[in-house]
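[1] Sequence below, structure please.
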Amino acid sequence: MREIPTVNDLFKPFLLTGKVALVTGASSGFGRHFGTVLAQAGAKVVLAARRTDRVREACEAIVAAGGEALAVTMDVVDSASIRAAFDAAEQVFGPVAVVVNNAGITIPKPLLELSDSDWSQVIDTNLNGVAYVTREAARRMIAAGIGGSIVNIASI
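    Sure, this is the predicted structure:
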């Protein structure tokens, strides 16, 4: 079992001990990495993604390293799915104070070859999904009377 590394005094102001952090698109790539880094900073991490099996694997890796993590299935374009994921996070860890909006897709075709449906899918996930998750997170932070941070990741 790998231990979560300790930090020196320089990094103590950045520790997230006791905070709950939710990361979208956490089943792979940057999202999975962000979840690990947040856990190393002391956060209780909620890993959210559509690919349930992969987000569970990421969760198990954090727990095996000594962190606290929860895997939830979330589709950022589905408000009911977003609410359910936040409900699960709150039931296990309490209110979410940090959100990393990382979920995104690309359709690797030149613009001239993208159908209207392809383009709508990219905009729905990469733009609307960020807005929907941010809206739900902000509503819950306000209701819980807590401050928080919402980090939005963008891509080309």
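
[2] quick one: the spatially most central residue of the chain from Gly31, how far?
    A centroid search over the chain (C-alpha atoms, centre = their mean) returns Val23, at 0.9 Å, as the residue closest to the centre. With distances taken as C-beta to C-beta, to the nearest Å, Val23 is found 5 Å from Gly31. C-betas here are computed from N, CA, C, even on glycine.

[3] Find residues that contact each of the two.
    Residues within reach of Val23 and of Gly31 at once, by C-beta atoms under 8 Å, 6 or more residues apart in numbering, are Leu47, Val100, Asn102.

[4] Kindly indicate the member of the residues you listed with the most neighbours.
    Neighbour counts for these, by other C-beta atoms under 10 Å, peak at Leu47, which reaches 32 neighbours.

[5] Could you verify my assumption that it touches His33?
    No - applying C-beta atoms under 8 Å as the test, Leu47 and His33 come out as separate, 11.2 Å apart.

[6] before we move on, back to that, pretty sure the residue nearest to the centre of the chain contacts Thr36?
    No - in this structure Val23 lies outside contact range of Thr36 using C-beta under 8 Å: 9.6 Å.

[7] Restricting the selection to alpha carbons, write the helix or strand in which Ala58 is found to PDB.
    Following DSSP states H and E, one finds Ala58 within helix 52-64. Extracted in PDB, the C-alpha atoms of helix 52-64 (Å, rounded to 0.1, in the frame of the first residue of the first chain):
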ATOM      1  CA  THR A  52     -18.800   3.900 -13.600                       C
ATOM      2  CA  ASP A  53     -16.300   1.000 -13.800                       C
ATOM      3  CA  ARG A  54     -13.300   3.300 -14.500                       C
ATOM      4  CA  VAL A  55     -14.300   5.900 -11.800                       C
ATOM      5  CA  ARG A  56     -14.600   3.000  -9.300                       C
ATOM      6  CA  GLU A  57     -11.000   1.900 -10.200                       C
ATOM      7  CA  ALA A  58      -9.800   5.500  -9.700                       C
ATOM      8  CA  CYS A  59     -11.600   5.600  -6.300                       C
ATOM      9  CA  GLU A  60     -10.100   2.300  -5.200                       C
ATOM     10  CA  ALA A  61      -6.600   3.600  -6.100                       C
ATOM     11  CA  ILE A  62      -7.100   6.700  -3.800                       C
ATOM     12  CA  VAL A  63      -8.400   4.600  -1.000                       C
ATOM     13  CA  ALA A  64      -5.500   2.100  -1.400                       C
END
